[in-house]
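1. Quick one: sequence plus predicted model below, questions after.
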Amino acid sequence: MRQALGQAFQQVKPASTGKRRILARAAACGFTLAVAGAMPAIAQSKDGKLKVGLMLPYTGTFAALGNAIENGFRLHLNEQGGKLGGREVELVKVDDESDPAKATDNVNKLIKRDNVDVLIGTVHSGVAMAMAKVAKDSGTVLIVPNAGADAVTGPMCAPNIFRSSFSNWQPGYAMGEVMAKKGHKRVVTITWKYAAGDESVRGFKEAYEKGGGKVIKELSLPFPNVEFQALLTEIAATKPDAVYTFFAGGGAVKFVKDYAAAGLKKSIPLYGAGFLTDGTLEAQGADADGLFTTLHYADSLASARDNAFRLAYAKTFKLQPDVYAVQGYDAAQMLAAGLSAVKGDISKKAEFAAALKVAKIDSPRGTFTLGKNHNPVQDFYLRQVVGKENKVISVASKGLADPGRGCKM
Ligand code: BEZ
C-alpha cells in the first residue's frame with residue numbers, strides 16, 4: 001500500500017488513465033462527478049444537488065497531496081451515503097497545478113462556468129490566496145483543506161472562509177519551542193521561497209529565538225525547484241547545531257534523500273514541519289529514519305476515532321492515510337456541520353458560519369474547534385520517524401491557536 005503512495009511521486013498519469021480512474025472511483029462511491037475541462041460541465045444543478053468545486057493539484061510536486069485530500073473528502077461523503085446536510089453532492093474538479101498564475105482563472109471557471117455552491121481548495125499557499133480573494137469578493141463559501149497561507153486566516157479572513165488544516169505559522173512555532181528546549185543554539189533554515197516556506201520559517205524563528213536560540217542563516221530556493229546541492233554545501237560549511245526545514249510532497253522526498261546522501265544527517269540534525277515526512281516515508285526509505293517533526297497528526301495516535309478512519313481509508317483506497325487525507329476528510333465534516341445547521345441551504349451564509357464557529361469537529365487527529373479567524377485550534381505533536389511511521393513522541397503544543405494577525409471579522 002505504501003509502495004503505491006511512494007510511486008505517486010514519480011508517476012505522471014496520462015489524462016485518459018486518470019479520468020478513467022476518477023470515473024471508476026466516483027461510480028464506486030455512488031455519487032456524481034464532472035471533471036472541469038474534461039467533460040461537459042452541467043451549468044446549474046437542476047436536481048437539487050449541492051455542487052462542490054474541488055480545486056486541487058493533481059499534477060506536479062503536490063499531486064499526491066491533492067489526491068489524498070480528495071480521497072479523504074470522498075471517504076466522509078461516502079460514509080454519509082453521498083449526502084451532506086441532507087443534500088446530494090456533485091463534485092466538479094480542477095487541477096490547479098500548484099500554479100498561482102493560473103489560480104484566479106481556475107477558481108473563476110468553477111464559480112462562473114460551473115456554478116459551484118462551495119469551493120474546497122487547495123494545497124499551495126499562493127494558489128489559496130487567489131482563491132480566498134475570489135471567495136471573499138463573490139461570497140462563495142471556501143474551505144481550505146491544506147494551504148497554510150497565514151493571510152487566509154489573517155488579513156484576508158472573511159465570514160465565508162474556513163480552514164480544516166493549519167496556518168503555516170502553527171507547525172513552525174511548535175518546532176521552534178521544541179528545538180529551543182533541546183538546547184540547539186545556532187540553527188540554519190532552508191525552504192522554498194514562497195508564502196508557505198517564508199511563514200513556516202517565521203513561525204519557527206518566533207518561538208525558537210524567544211526560547212534563546214539564534215537563526216544564523218535563512219536559505220531558500222524557488223518553488224518547486226529541487227536542486228539542493230549548492231545549499232547543502234553551504235549548510236556543511238556553516239556547521240550549525242541543527243537545521244529547520246519546510247518542504248512537502250515530491251520536494252520533501254528529494255530533500256531528505258539529498259541531505260542524507262550529502263553526509264549531513266550524521267553530523268547536523270535535521271528537523272522540520274511535519275510535511276517533511278508525511279505521505280513520503282515509503283519513497284524516503286531509511287534516509288528519513290529518526291527525523292523529528294511537528295504536526296497536528298501522526299501515524300500512531302491509536303485513538304478509536306483514528307483507528308476507524310485509518311481502517312476505512314485503507315480499505316477504500318488501498319493506501320495508508322496521511323495528514324492530507326485527514327484534512328480532506330475534515331473539510332467534508334466541516335461542510336456537513338455547516339450544511340446541517342441550514343438544512344442544506346448554503347445561501348444562509350450567516351447561520352452556516354455561526355454553526356461552524358461553535359462546531360466541535362470529531363477529527364481523526366483529535367477533536368478540534370475553529371478560532372475566531374476560522375483556523376483550527378489544535379494540538380501539535382512532536383513525531384519521530386520509526387519504521388516508516390511518524391510516531392508520536394509527545395504533545396509539543398497543546399491547543400495551539402493561530403494568532404490571526406490582521407484578521408478583522
Ligand atoms: C502550502 O503551500 O501552504 C503547503 C503546501 C504543502 C504542505 C503544507 C503547506
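-> Sure thing, it's come through. Numbers count the residues shown, from 1 in each chain.
2. Quick check: the residue of the chain most remote from its centre vs G404, distance?
-> Residue farthest from the centre of the chain, counting by C-alpha atoms, centre = their mean, is A237 at 33.4 Å. Taking C-beta to C-beta, to the nearest Å as the measure, A237 falls 39 Å from G404. For the C-beta atoms, the positions are set from N, CA and C on the backbone; glycine is no exception.
3. now swap in Y244 and tell me
-> 23 Å.
4. More neighbours: which of those two?
-> Just comparing Y244 and G404: by other C-beta atoms under 10 Å the higher neighbour count belongs to Y244, 30 against 20.
5. which SSE is the more buried one in?
-> Here Y244, judged by DSSP states H and E, is contained in strand 242-246.
6. Residues touching that strand, excluding its own?
-> 168, 172, 175-176, 179, 182, 184, 187-192, 196-197, 200-201, 204, 208, 235, 255, 259, 264, 268-273, 275-276 (C-beta atoms under 8 Å, 6 or more residues apart in numbering).
7. residues in contact with the residue of the stretch 201-350 of the chain found nearest the ligand?
-> Residue of the stretch 201-350 of the chain nearest the ligand, by C-beta to the nearest ligand atom: A248 (3.5 Å). Taking C-beta under 8 Å, 6+ apart, we find A248 in contact with T61, F62, L65, A196, F275, L276, D278.
8. and the gap between it and S98?
-> Shown here: A248 relative to S98, a distance of 10 Å by C-beta to C-beta.
9. And P155, by the same measure?
-> For P155 relative to S98 (C-beta to C-beta), the value is 22 Å.
10. ok, now K360?
-> Taken as C-beta to C-beta, the span from K360 to S98 is 32 Å.
11. excluding its backbone neighbours, what's nearest the most centrally placed residue in the chain?
-> The chain has N146 as the residue nearest its centroid, 2.6 Å off, counting by C-alpha atoms, centre = their mean. Take N146 and drop its neighbours on the chain: the residue closest to it by C-beta to C-beta, 6 or more residues apart in numbering is V123, 4.5 Å away.
12. So what touches stretch 219-227?
-> By C-beta under 8 Å, 6+ apart, stretch 219-227 touches 60-61, 98, 124, 188-194, 197-198, 228, 231, 234-235, 250-251, 254-255.
13. What segments of this protein are helices?
-> 2-7, 15-29, 63-79, 100-108, 125-138, 169-182, 195-210, 229-238, 249-261, 281-284, 304-317, 323-341, 349-358 (DSSP state H).
14. Mean pLDDT for the ones you listed - can I get that in CSV?
-> Shown next, in CSV, are the helices of the chain (pLDDT from 0 to 100):
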stretch, mean pLDDT
helix 2-7, 32
helix 15-29, 35
helix 63-79, 98
helix 100-108, 98
helix 125-138, 98
helix 169-182, 98
helix 195-210, 98
helix 229-238, 98
helix 249-261, 98
helix 281-284, 98
helix 304-317, 98
helix 323-341, 98
helix 349-358, 97
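15. hang on, the earlier thing: list buried members of the contacts of strand 242-246 by neighbour count.
-> By neighbour count, with 16 or more other C-beta atoms under 10 Å, the contacts of strand 242-246 hold 168, 172, 175-176, 179, 184, 187-192, 196-197, 200-201, 204, 208, 235, 255, 259, 264, 268-273, 275-276 as buried.
16. Quick check: closest non-adjacent residue to P321.
-> Y313 (4.1 Å).
17. Return the residues in contact with that neighbour.
-> N71, G72, L75, L319, Q320, P321, A325, Y329.
18. Could you count how many residues lie near the last one?
-> Going back to what we said before, that points to Y329. Y329 has 30 nearby residues by other C-beta under 10 Å.
19. Equivalent analysis for the second one, please.
-> When neighbours are defined as other C-beta under 10 Å, G72 has 29 of them.
20. show me the contacts for A260.
-> Contacts of A260 by C-beta under 8 Å, 6+ apart are D287.
21. meant to ask about G366
-> Contacts of G366 by C-beta under 8 Å, 6+ apart are L301, S303, R305, Q378, D379.
22. thinking the first one is in contact with N390, fair?
-> Think L301. No - using C-beta atoms under 8 Å, L301 is not in contact with N390, being 10.0 Å away.
23. Which one of the two is surrounded by more residues?
-> In this view L301 and N390 are compared by other C-beta under 10 Å, and N390 has more residues nearby, 28 against 17.
24. The ligand versus that one, what's the distance?
-> According to C-beta to the nearest ligand atom, to the nearest Å, N390 and the ligand sit 14 Å apart.
25. residues touching that residue, list them.
-> G274, T277, D278, L281, T293, L295, A298, D299, S300, R383, Q384.
26. what does A332 give?
-> Each residue near A332 by C-beta under 8 Å, 6+ apart is listed here: G72, F73, R74, L75, H76, L77, L84.
27. how does it look with 7 Å?
-> Residues counted as contacts of A332 (C-beta atoms under 7 Å, 6 or more residues apart in numbering) are F73, H76, L77, L84.
28. so which of the residues you listed is the most crowded?
-> Counting by other C-beta under 10 Å, top hit in the contacts of A332: F73 with 28 neighbours.
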